[in-house]
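**Student:** missing the sequence, but the structure's below:
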């Protein structure tokens with residue numbers, strides 16, 4: 001069934017793409033619409049015989065590089081590329097990174113959660129934006145300068161560890177997340193420099209990195225002890241954008257009524273201070 005689906009999908013993609021759309025010169029009148037098999041093979045830099053066998057489902061399990069070449073030749077969308085992998089290999093492809101600025105809608109979502117600390121970061125753990133509740137919880141400088149990367153905050157700002165009662169577990173999760181991100185973005189120089197800096201600055205990071213631990217953090221809980229509001233227990237969720245930007249929305253929610261009251265106190269105090277400055 002998968003072989004039949006692969007052939008039907010490739011033929012449909014080929015037949016709806018004109019030579020002009022594919023960047024090929026016009027080659028006279030055609031009896032059938034779309035591209036010929038030899039044209040797809042030419043664009044994908046594979047032999048015509050191999051491409052014909054691919055459409056017929058007779059090439060075994062094709063490699064990722066050649067499938068990406070075929071996807072590019074046929075001008076497949078990201079969703080179509082995933083479908084090609086699924087019917088040709090039985091597995092989804094590695095995600096393609098598509099750099100993108102923070103969207104206005106995501107910015108509005110952050111600002112629309114006035115009592116929930118939240119921020120958006122990229123795969124390097126650089127903070128792209130945060131809301132006032134996050135600054136109320138983590139400090140006014142959170143999200144910029146030396147506090148602009150959550151991994152650097154964890155391992156390079158020892159003064160900020162005070163009150164982070166679950167620091168080691170959360171830090172280990174971060175190391176595992178960074179290793180997973182490094183595999184998805186192996187050629188990214190900024191991420192490579194971040195890892196090198198953290199290995200040099202923190203023996204703990206270096207030891208945990210050497211353990212080859214991999215983790216995809218999505219949710220959990222953490223405890224923060226502050227002198228002004230006491231102990232807070234917070235649940236956290238990390239939500240990923242599906243547009244290829246590899247941006248993640250990190251949201252903290254109170255796990256009990258005492259924490260909700262403490263957050264409200266912190267946010268109110270920050271709002272009052274900002275109003276006084278204005």
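**Tutor:** The structure has been received and is ready for your questions. Since this is a predicted model, take the numbers as computed values, not measurements.
**Student:** The stretch 51-200 of the chain: helices as residue ranges?
**Tutor:** For the stretch 51-200 of the chain, the helices defined by DSSP state H, counting those that start in this stretch cover 64-73, 78-89, 104-111, 132-138, 150-156, 167-184, 189-201.
**Student:** nearest to residue 217, of the ones you listed?
**Tutor:** Proximity to residue 217, assessed across these by Cβ to Cβ, is greatest for helix 167-184 (4.6 Å). Where C-beta positions appear, they are placed from N, C-alpha and C, glycine not excepted.
**Student:** would JSON lines of the helices of the stretch 51-200 of the chain with mean neighbour count be doable?
**Tutor:** Listed next are those as JSON lines, based on neighbours: other Cβ atoms under 10 Å:
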{"stretch": "helix 64-73", "mean neighbour count": "18"}
{"stretch": "helix 78-89", "mean neighbour count": "18"}
{"stretch": "helix 104-111", "mean neighbour count": "13"}
{"stretch": "helix 132-138", "mean neighbour count": "22"}
{"stretch": "helix 150-156", "mean neighbour count": "21"}
{"stretch": "helix 167-184", "mean neighbour count": "18"}
{"stretch": "helix 189-201", "mean neighbour count": "15"}
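**Student:** Looking at those, which is nearest to residue 58?
**Tutor:** helix 78-89 (12.0 Å).
**Student:** okay, the helices of the stretch 51-200 of the chain in CSV with distance to residue 277 and mean pLDDT next?
**Tutor:** CSV is the format used below for the helices of the stretch 51-200 of the chain (distance: least, Cβ to Cβ, whole Å; pLDDT from 0 to 100):
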stretch, distance to residue 277, mean pLDDT
helix 64-73, 52, 92
helix 78-89, 45, 91
helix 104-111, 19, 91
helix 132-138, 13, 95
helix 150-156, 25, 95
helix 167-184, 32, 91
helix 189-201, 33, 93
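**Student:** Let's have the ones you listed in TSV, adding distance to residue 13.
**Tutor:** Listed next are the helices of the stretch 51-200 of the chain as TSV, based on distance: least, Cβ to Cβ, whole Å:
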stretch	distance to residue 13
helix 64-73	9
helix 78-89	7
helix 104-111	31
helix 132-138	44
helix 150-156	41
helix 167-184	26
helix 189-201	34
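**Student:** Would you tell me which of these gets closest to residue 210?
**Tutor:** Taking Cβ to Cβ, helix 189-201 is the member of those nearest to residue 210, at 8.7 Å.
**Student:** helices or strands up against the closest one?
**Tutor:** In terms of contacts (3 or more Cβ pairs under 8 Å, 6 or more residues apart in numbering; DSSP states H and E), helix 189-201 is packed against helix 150-156, helix 167-184, helix 203-210.
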